[in-house]
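Peer 1: Model the structure of this input:
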Amino acid sequence: MDLTLLQNRMCYTFKNIALMEQALTHRSHSSLHNERVEFLGDSILNCVVASLLYKRYPNINEGDLSRVRANLVKQQALFEIAQSLSLSHFLRLGEGELKSGGFRRPSILADTLEALFGAIYLDAGFDIAHDVICALYNPILDSVNLTTLGKDAKTLLQEFLQGKKIALPQYNVVATHGAAHNQEFEIECLVPKLDIQVFGTGGNRRAGEQEAAKLALKAAKNVVLKPTLRKIKPCASQLKLAGIATLQSDAPLNSTVESAERNAEHSVIDSTKII
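Peer 2: Numbering: from 1, shown residues only. This is a model prediction of the structure:
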C-alpha cells in the first residue's frame, strides 16, 4: 500500500512509517492495532481545537467555546474530514470488516483519523501535530456559523422567535403509532402569531419535537424574512398603453375652467356686498 498520497493530503511525511501503518490498522486486522494511538490522538485533538478556538475567537464565552469544540471533535466532523482525505482507501481491516463494509463506517474512519493525530505526535511532537490539525480545521472554521453550530432545532427556533419578540412555540403530542417497544410519536408545533402549524415524527417525544421545530423554523423564516412587495405607481408610458393618458392630459384644462367659474362666482358675491 502506497501511503505517499495520504501523507501529501495531510501535509506531513512520517519519519517512522510503522507508526502510520499502526494508526491505519483496525483491531480486526491484527493484534498491533490503533486503539491505544487513537486514545492519545483524541486527547491531542481536543487540546489543539480548544487552543485554536481560544485564540481565534477572543470574544466568545466559555459555554459557547465548549459547544463549538464538542461539535468539531465529534464523530460526524471527524468522519467528514476523513472522507475529504479519502482515508477509507488506506485502512487496514480484517476480512470480516472488509466484507461488512467497515471502510465506510463513520466510527472506524473517525477513530482512524484520531489515531493518525496520535501517530504524528509520537513521530514528531506536539507542535507538528498541532500544525497538521489546524491545517485541517481552519477551512472548516472559515465557513462554519458559530452561532448555530451544535444547537438543536428547538433552541434555534426559540432564539429566532425571541429575537423577533414572538411568543415561544407550543408542542403537542398528536398521536403515537406502533407497538410499545417501537413507537413513533407525531408531534404538532404551533406558532400562533405567524399562523404556523407543522408536524414532526420521531422514535420518542424529543425526536418528534426536534423534527417539528426544524420545519417550524424554516416556515417562520419564510414568513418573517419574506421581502415586502412595494406598490409601484404606473409610469406615463404604462398609462398611455392603458388608454388613460388622454384623460390625464385633459385634467389641467378642466381644472382651469372650473377654477375660472369659481372665481366669477366670487366676483358676483363680492360686488353685491359692495352695493
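
Peer 1: Give me the secondary structure label for residue 172.
Peer 2: Secondary structure, DSSP: H, G, I helix; E, B strand; the rest coil: residue 172 is strand.

Peer 1: Quickly list the domain ranges of this structure.
Peer 2: What the record gives for the chain is the domain set 4-143, 153-224, from automatic domain parsing.

Peer 1: I'd like those as CSV, with mean pLDDT and mean neighbour count appended.
Peer 2: (Glycine included, C-beta is placed from N, CA and C.) Formatted as CSV, the domains of the chain follow (pLDDT from 0 to 100; neighbours: other C-beta atoms under 10 Å):
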stretch, mean pLDDT, mean neighbour count
domain 4-143, 94, 17
domain 153-224, 91, 16
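
Peer 1: got a list of contacts for the host helix or strand of residue 158?
Peer 2: Using DSSP states H and E, residue 158 sits in helix 153-163. Helix 153-163 is contacted by residues 148, 151, 167-169, 189, 191, 209-211, 213-214, 216-217, 220-221, 224 when judged by C-beta atoms under 8 Å, 6 or more residues apart in numbering.

Peer 1: Among the residues you listed, which ones are in strands?
Peer 2: Under the assignment DSSP state E, these contribute 189, 191 to strands.

Peer 1: so is the closest residue to residue 212 other than its chain neighbours in a helix, a strand, or just coil?
Peer 2: Closest residue in space to residue 212, ignoring its immediate chain neighbours: residue 200 at 3.1 Å, by C-beta to C-beta, 6 or more residues apart in numbering. The local conformation at residue 200, judged by three-state DSSP, is strand.

Peer 1: show me what contacts residue 200?
Peer 2: 186-187, 189, 208-215.

Peer 1: Identify all contacting residues around whichever strand or helix holds residue 68.
Peer 2: In this assignment (DSSP H and E), residue 68 forms part of helix 62-72. For helix 62-72, the surrounding residues in contact (C-beta under 8 Å, 6+ apart) are 46, 49-50, 53-54, 57, 60, 77, 137, 140, 146, 149-151.

Peer 1: how far is that helix from where the chain is centred?
Peer 2: 15 Å (C-alpha atoms, centre = their mean, to the nearest Å).

Peer 1: Show the subsequent helix or strand relative to that helix.
Peer 2: helix 75-84.

Peer 1: phi, psi of the residue nearest to residue 224 when sequence neighbours are not counted?
Peer 2: For residue 224, ignoring the flanking residues on the chain, the nearest one in space by C-beta to C-beta, 6+ apart is residue 164 at 5.7 Å. Dihedral pair for residue 164: phi -100, psi 10, per degrees, to the nearest 10.

Peer 1: how about the helices in the stretch 151-275 of the chain?
Peer 2: 153-163, 205-224, 236-241, 245-274 (DSSP state H, counting those that start in this stretch).

Peer 1: need the contact list for residue 94.
Peer 2: By C-beta under 8 Å, 6+ apart, the contact set of residue 94 is 26, 28-29.

Peer 1: Can you add secondary structure and distance to residue 116 and give these back as a markdown table?
Peer 2: Formatted as a markdown table, these follow (DSSP: H, G, I helix; E, B strand; the rest coil; distance: C-beta to C-beta, whole Å):
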| residue | secondary structure | distance to residue 116 |
| --- | --- | --- |
| 26 | coil | 13 |
| 28 | coil | 18 |
| 29 | coil | 16 |
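
Peer 1: got the angle for the helix holding residue 158 vs helix 205-224?
Peer 2: 40 degrees (axes from the mean of the first three to the mean of the last three C-alpha atoms, to 10 degrees).

Peer 1: circling back to that earlier point, closest one of the contacts of residue 200 to residue 176?
Peer 2: For the contacts of residue 200, the residue nearest residue 176 by C-beta to C-beta is residue 186; the value is 7.2 Å.
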